[in-house]
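Engineer: Here's my sequence, what's the structure:
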Amino acid sequence: YITGGTTTLDTNAISATSSYGVYANNASPTLTSNTITGSTYGVVVSGTSSAPTITDNTFTGNTDGLYVASLSSTSPTIITDNTFTGNTYPIWMGTLTSSLTLTGNTGGSNTYDVILLTGSTAGDFTLNGDNDLLYAFSGLAVSSGNTLTIDPGVVVKFLSTSSNLAVVGTLNAVGTATDPIIFTSIKDDTYGGDTNNDGTTTTPAAGDWHYFEIYGSSATANLDYVTIQYGGYTGTSYDYGMFWIDDNAASVTVDNSILQESQYYTVQIDTGSTSTISNSTISNTAGRYGIYITGGTTTLDTNAISAT
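Structural biologist: Numbers count the residues shown, from 1 in each chain. Below is the predicted model of the structure:
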């Protein structure tokens, strides 16, 4: 348990049958070339002054390999070139900051071969393709004043029926015709492979995750060459469109994209929002509307829209 000072852990074998292998609370240790095994949490980082360097470590057989609850928004945090095997979640990020470097991390044979993203952003951040592990959303909010950028070719999977993405700040998800950006179910092996490592036990279906929301007067989103599918879960008392342009969303643009396989409305557009959807395919095969509009200023141009 580290709460201060200058601490370097290098080439150690660290294990704990319960609790934490290493806990950094408002501290900035350097962890290099350690083997961290058999803990509930292999490494925990917490506190808004924490800025650790975690490189070239091996995490094996932990429930959560690396759990980052909070970080400094200004001091550099480096999480690079670590290897994760046999954990439940290799990396669980409870926040994203502009001072965070998250690259070169690899893994396999985890329950979920993902970097799990939850909580709220505390700065601008880019989801790139520089990690072998895919990104998964459980419940991530892009805060007002922050920008989340997603690079071409990135695959993001939603973990469960309660999973969502809520954009209150800015989202830039601009793919290309050859490298589209994919938002899909954790059960979808077509994109990014068998991320939940269950073979053919599970297959994706409409309603595997909840919603993708853009909300509020500071919210903007630019989506181009994006596929969004298998969301719109309806098993709660709060049913929302899979792609939900919520009240007063300032500006949402969707172009050259595919939105499909929603259990509820595929697209829902609400009062006070401003949006343009063009050159896109929007479909619903669950007996719901492809697009449901309650208000706002909406332009639909050169789309293929269907519902069966």
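Engineer: got the contact list for Thr101?
Structural biologist: Residues near Thr101 by C-beta atoms under 8 Å, 6 or more residues apart in numbering: 76-80. C-betas here are computed from N, CA, C, even on glycine.
Engineer: How about Ser162?
Structural biologist: Per C-beta under 8 Å, 6+ apart, neighbours of Ser162: 138-139, 210, 233.
Engineer: same thing but 6 Å
Structural biologist: Residues in contact with Ser162 (C-beta atoms under 6 Å, 6 or more residues apart in numbering) are His210.
Engineer: Please apply the same query to Thr60.
Structural biologist: 37, 85-86.
Engineer: name the element Ile91 belongs to?
Structural biologist: Assigned by DSSP states H and E, Ile91 falls within strand 89-96.
Engineer: average model confidence for that strand?
Structural biologist: Strand 89-96 shows a mean pLDDT of 97.
Engineer: Of the contacts of Thr60, keep whichever come out buried.
Structural biologist: Among the contacts of Thr60, those classed as buried by 16 or more other C-beta atoms under 10 Å are 37, 85-86.
Engineer: Might one say that Asp208 is in contact with Tyr233?
Structural biologist: No. Contact criterion C-beta atoms under 6 Å: Asp208 and Tyr233 do not qualify, at 7.2 Å.
Engineer: quick one: which of the contacts of Thr60 sit in strands?
Structural biologist: 37, 85 (DSSP state E).
Engineer: Nearest to Ser251 among the contacts of Thr60?
Structural biologist: Thr85 (43.2 Å; C-beta to C-beta).
Engineer: correct me, but the closest one touches Thr111?
Structural biologist: No. Using C-beta under 6 Å, Thr85 is not in contact with Thr111, being 11.1 Å away.
Engineer: Tell me where the model's unsure across the protein.
Structural biologist: Scanning the chain for pLDDT under 70 picks out nothing.
Engineer: any idea where the helices of it begin and end?
Structural biologist: Using DSSP state H, no helices are found in the chain.
Engineer: Need the residue closest to the centroid of the chain.
Structural biologist: What sits nearest the mean C-alpha location of the chain, by C-alpha atoms, centre = their mean, is Phe137, with 3.3 Å.
Engineer: what about Asn62, neighbour count?
Structural biologist: Neighbour count of Asn62, defined by other C-beta atoms under 10 Å: 27.
Engineer: show me what contacts the nearest residue to it once chain neighbours are set aside?
Structural biologist: Spatial nearest neighbour of Asn62, excluding adjacent residues (C-beta to C-beta, 6 or more residues apart in numbering): Gly42 at 3.9 Å. By C-beta under 6 Å, 6+ apart, the contact set of Gly42 is 21, 36, 59, 62, 65.
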